[in-house]
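Trainee: Sequence and predicted model, in that order:
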Amino acid sequence: MAKQAHDNLPAGITASLFQVGLDLHDQGKVHQSLTAFLKLVQQYPDSKEAPAAIDKVLNIADTLRKEGQYHVAMRVLDRLETAHQGT
């Protein structure tokens, strides 16, 4: 019985990580939201939330670019690339 509860642990973690990222983003804490999204991409690349997390990171980078924050946008993309390579 205890093993069954642990079988759903990764799905629970990924859902929670994604929600934390969304909550932080919605609160205007965009840079903090990246930590949750990137952790999800790196540690749980096969999760159902990983593609959505990647999309969020790419959207953040695009928004930064449009705001003229090119250096910061490049750092975000570098972090995504590093997270993705860690898989």
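Mentor: Yes, it's here. Given the structure is predicted, the values throughout are model-derived calculations rather than measurements. Numbers count the residues shown, from 1 in each chain.

Trainee: mind checking the SS state of T35?
Mentor: Three-state call for T35 (DSSP: H, G, I helix; E, B strand; the rest coil): helix.

Trainee: Could you check how far it is from E81?
Mentor: To E81, T35 is 16 Å away according to C-beta to C-beta, to the nearest Å. Every residue, glycine included, has its C-beta placed from N, CA and C.

Trainee: Between those two, point out the one with more neighbours.
Mentor: Ranked by neighbour count (other C-beta atoms under 10 Å), T35 and E81 place T35 first, with 15 against 10.

Trainee: Just list the residues touching the more buried one, thanks.
Mentor: G21 (C-beta atoms under 8 Å, 6 or more residues apart in numbering).

Trainee: Quickly note the distance from it to V72.
Mentor: Distance, T35 to V72, by C-beta to C-beta: 15 Å.

Trainee: So which residue is smack in the middle of this structure?
Mentor: Central residue of the chain (C-alpha atoms, centre = their mean): F37, 1.0 Å from the mean position.

Trainee: Need the pLDDT of that one.
Mentor: The model reports F37 with a pLDDT of 97.

Trainee: Could you check how far it is from D62?
Mentor: 14 Å.

Trainee: Do you have the helices of this structure handy? List them.
Mentor: 2-7, 9-26, 30-43, 50-66, 70-85 (DSSP state H).

Trainee: And stretch 16-27, what's buried?
Mentor: Under the neighbour-count criterion of 16 or more other C-beta atoms under 10 Å, stretch 16-27 has 17-18, 20-22, 24-25 buried.

Trainee: Tell me how far stretch 61-74 lies from the chain's centre.
Mentor: Stretch 61-74 sits 17 Å away from the centroid of its parent chain (C-alpha atoms, centre = their mean, to the nearest Å).

Trainee: where are the low-confidence patches of this protein?
Mentor: Counting by pLDDT under 70, the chain contains low-confidence residues at 1-7, 87.

Trainee: Recalculate using a threshold of 50.
Mentor: The model of the chain has pLDDT under 50 over residues 1-2.

Trainee: Send me stretch 61-71 as PDB with only the CA atoms.
Mentor: Provided in PDB are the C-alpha atoms of stretch 61-71 (Å, rounded to 0.1, in the frame of the first residue of the first chain):
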ATOM      1  CA  ALA A  61      12.700  35.200 -22.600                       C
ATOM      2  CA  ASP A  62      10.600  36.600 -25.500                       C
ATOM      3  CA  THR A  63       9.000  39.200 -23.200                       C
ATOM      4  CA  LEU A  64      12.400  40.200 -21.900                       C
ATOM      5  CA  ARG A  65      13.600  40.600 -25.500                       C
ATOM      6  CA  LYS A  66      10.700  42.800 -26.400                       C
ATOM      7  CA  GLU A  67      11.400  44.900 -23.400                       C
ATOM      8  CA  GLY A  68      14.900  45.500 -24.600                       C
ATOM      9  CA  GLN A  69      16.500  43.300 -21.900                       C
ATOM     10  CA  TYR A  70      18.500  41.300 -24.400                       C
ATOM     11  CA  HIS A  71      21.200  40.300 -22.000                       C
END
